[in-house]
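Enquirer: Sequence first, then the predicted structure, then my questions.
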Amino acid sequence: MDTYRKRMIRHPLMYLTMIGLLGAILLTIWNIWLGIAYAVVTSIGLVYAWRIEKITFSQTEKHIESLSFRMKKVGSEALLEMPIGILLVNDKFDIEWANPYMSEILEEDSLIGLEMFDLSDELYSLIKSEEKREQTVTINERKYKVVYKQEEKLLYFFDVTEQVNIESKYFADRTVIAILFIDNYDEITQGMDDQSRSLTNTVVTSIINDWAFEHGIFAKRISSDRFLAVLNESILEELEKRKFSILDDIREKTAQKNLSLTLSIGVGAGSSSLIKLGELAQSSLDLVLGRGGDQVAIKQPSGKLKFYGGKTNPVEKRTRVRARVISHALQDLVIESDQVFIMGHKNPDMDAIGAAIGVRKMAQKNQVKGYVVVNFEELNGSVSRLMNEIEINTDLYRYFISPEEALSMMTDKSLVIVVDTHKPSLVMDPRLLKRSDKVVVIDHHRRGEEFIQNPTLVYMEPYASSTAELITELLEYQPENEKLTKLEATSLLSGIIVDTKSFTLRTGARTFEAASYLRTYGADTILVQQLLKEDIDTYIIRSKIIQTVEFVYPGIAVARGEDDKKYDSVLIAQTADILLTMKDVTASFVIAHRPDGLIGISARSLGDINVQVIMENLGGGGHLTNAACQIDAETIEEVMSRLTKAILETLEGSNGE
């Protein structure tokens, strides 16, 4: 100890000595013998106290020295011998010093001079991050939690392999609930006798039980067309790797027995609550059925979704009863409203405009004012020609208004009807959705992850060829006080013809029935052809795009526009349609810059390849045979690379790899 500390400790003795001397002097003045006696006693007490203090001080000093030595030893052992890796790096992130444990981790005699990023590529993101100061990295098949001290250029490595393994086992063992639904069971078994129905049940149950036994899943049939399955996350991960091969198995094996059944599966995962898992599974199944069935949807509590399957065209399930019920429900909503505002998607096509015109007519039939909301600057091609025809020949044009006009006219009793899309990001103006408490969605696309929130009424039929077809059916059950005009009927027929490629794709019996109904009201097929005509310049531009075609996979053709040119979305779609008509092409993709600054992809297929899944991987959507997406990217080459990767991933999944 230094002198100052010794003085501080001995202050009490100094005070006692001074008090003793002062007392002895005073007593000596009063009585010399009493003073001498007091001085002697005081001296003896002081000597004894001094010895005690000296012994205590000596012991304390030895204890502190011993403790200091032990602390230094512990610090040295912590630095050199404890199972914690320590690295010191310089400004270039070269290793300047490493403790022995770090060398043992990496099985190197010396790490000095090596670059830190040679240890693990994962360290790069930790060093470059402004916020993150901890990260788990893998070194020699073990997991280490790395703590980075930026100012000291110091890294600590804590072995957390066992902790990570325990966490992995916990998550792998979490319960997952799935609901399996046989899509067309009722349709297939409706005309069967008891023996044939029993045989069909046996075939389906056998296929599903064999699949469940193979993967360690508990599966129980809970109704004629439903199964409940209980599994865990590790089994789910294995099923995802195999892209849920049960979908292909049940389709192919039942087809061999002339049954042609398909399976839809809704999966709930990621929660410890069994009630929540059940709700997620049912919600996933509803979503799958809304997309046409023959698919799997996996839903997490966060709302994140994964889709698998969807390789076949959905079998038509619509009934006249459902169309009539929806038509009457929509009629009630229209009558309760003071105005109806109808809008389709951005850059509307003939189907969106035709369907909107049909819904406006429905409002008119119920003596309610209806308005079609359009952005007049987005109209082009055949839609622009249709609008010119409407403006010249009828007073219908005054019912077409801009989004700003619609917003200024809306009241609390107004009804908003969205046609030909169900994604809020794609509607003509999302502000209209927020302003209205009553929103109706009518669409023929397969349902995607993004969906308009809390709609009052939803009529989604992925089995339909077009939204115009759905609207035509609904019109049949509306009051007959207002007849469809020739131009209104032609508009609806144009939407059907465009979406079916002149009745060649996605065309069912109901499609022809709708077309027949429209023809009775004077729908003009000659006028449709005139509206759909294109100019020579457009044809030449499209031909130049087709010249760039290349096959990224057998049967899959991809064409691209030029990086310094912008192309109309309709032209991009038409180019994909034409590519699909070429020999040896089963799926076509066209990539080009759009006027809005994004890069668009139009995808078409004959049905063997699900272009919807490919487009969903890139943030888009659509149908099995007709889909699209828009990507915020700089170059077409970048989008081409992402598209090729998505195509290969989908094809590998379809092959069960």
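Expert: Great, that's in hand. Numbering: from 1, shown residues only.
Enquirer: which non-adjacent residue is nearest residue 559?
Expert: Counting by C-beta to C-beta, 6 or more residues apart in numbering, residue 559 lies nearest to residue 549, which is 4.4 Å off, once chain neighbours are set aside. Heads up, the C-betas are built off the backbone N, CA and C, glycines and all.
Enquirer: Per-residue pLDDT of the one you found, please?
Expert: With respect to pLDDT, residue 549 has a value of 93.
Enquirer: repeat for the one 5 residues further on
Expert: What the model reports for residue 554 is a pLDDT of 90.
Enquirer: coming back round to it: backbone dihedrals for the residue nearest to residue 559, please?
Expert: Main-chain torsions, residue 549, degrees, to the nearest 10: phi -60, psi 140.
Enquirer: what's near enough to touch it?
Expert: 557, 558, 559, 579 (C-beta atoms under 8 Å, 6 or more residues apart in numbering).
Enquirer: Buried ones in stretch 329-337, by neighbour count?
Expert: Judged by neighbour count (16 or more other C-beta atoms under 10 Å), stretch 329-337 contains these buried residues: 330, 331, 333, 334, 337.
Enquirer: From residue 588, how far out is the residue nearest to residue 559?
Expert: 8 Å (C-beta to C-beta, to the nearest Å).
Enquirer: now swap in residue 212 and tell me
Expert: According to C-beta to C-beta, residue 212 and residue 588 sit 39 Å apart.
Enquirer: what about those two, which has more around it?
Expert: Counting neighbours by other C-beta atoms under 10 Å for residue 212 and for residue 588 shows that residue 588 has the greater number, 26 against 20.
Enquirer: Would you agree the more buried one falls within a strand?
Expert: Yes. According to DSSP: H, G, I helix; E, B strand; the rest coil, residue 588 belongs to a strand.
Enquirer: Tell me the pLDDT of it.
Expert: On the pLDDT scale, residue 588 gets 95.
Enquirer: How about the contacts made by it?
Expert: 556, 557, 558, 559, 576, 577, 579, 580, 582, 603, 604, 605.
Enquirer: Can you name the residues that contact the spatially closest residue to residue 460 that is not a sequence neighbour?
Expert: Nearest residue to residue 460 in three dimensions, chain neighbours excluded: residue 443, at 5.1 Å (C-beta to C-beta, 6+ apart). For residue 443, the contacting residues are 418, 419, 420, 421, 422, 459, 460, 467, by C-beta under 8 Å, 6+ apart.
Enquirer: Check those for the minimum pLDDT and say which it is.
Expert: Minimum pLDDT across the contacts of residue 443 falls on residue 460, with 87.
Enquirer: Most neighbours among the contacts of residue 588, please name it.
Expert: Top of the contacts of residue 588 by neighbour count (other C-beta under 10 Å): residue 603, with 31 neighbours.
Enquirer: Look up the closest residue to that one, ignoring the ones flanking it.
Expert: residue 611 (3.8 Å).
Enquirer: Could you check how far the one you found is from residue 626?
Expert: Here the criterion is C-beta to C-beta. By it, residue 611 lies 7 Å from residue 626.
Enquirer: of these two, who's got more company?
Expert: Between residue 611 and residue 626, counted using other C-beta under 10 Å, residue 611 has the larger neighbour count: 28 against 22.
Enquirer: Pretty sure that one sits against residue 629.
Expert: No. Counting by C-beta atoms under 8 Å, residue 611 stays clear of residue 629, with 10.0 Å between them.
Enquirer: so what sits against both of the two?
Expert: Joint contacts of residue 611 and residue 629 (C-beta under 8 Å, 6+ apart) are residue 603.
Enquirer: Pop out the phi and psi values for the residue nearest to residue 603.
Expert: phi -70, psi -20.
Enquirer: before we move on, what about residue 441?
Expert: phi -120, psi 120.
Enquirer: Hmm, it is touching residue 453, no?
Expert: No. Look at residue 441 against residue 453 with C-beta under 8 Å: they stay out of range, at 10.7 Å.
Enquirer: the more surrounded of these two?
Expert: The residue with more neighbours, out of residue 441 and residue 453, is residue 441; 22 against 8, by other C-beta under 10 Å.
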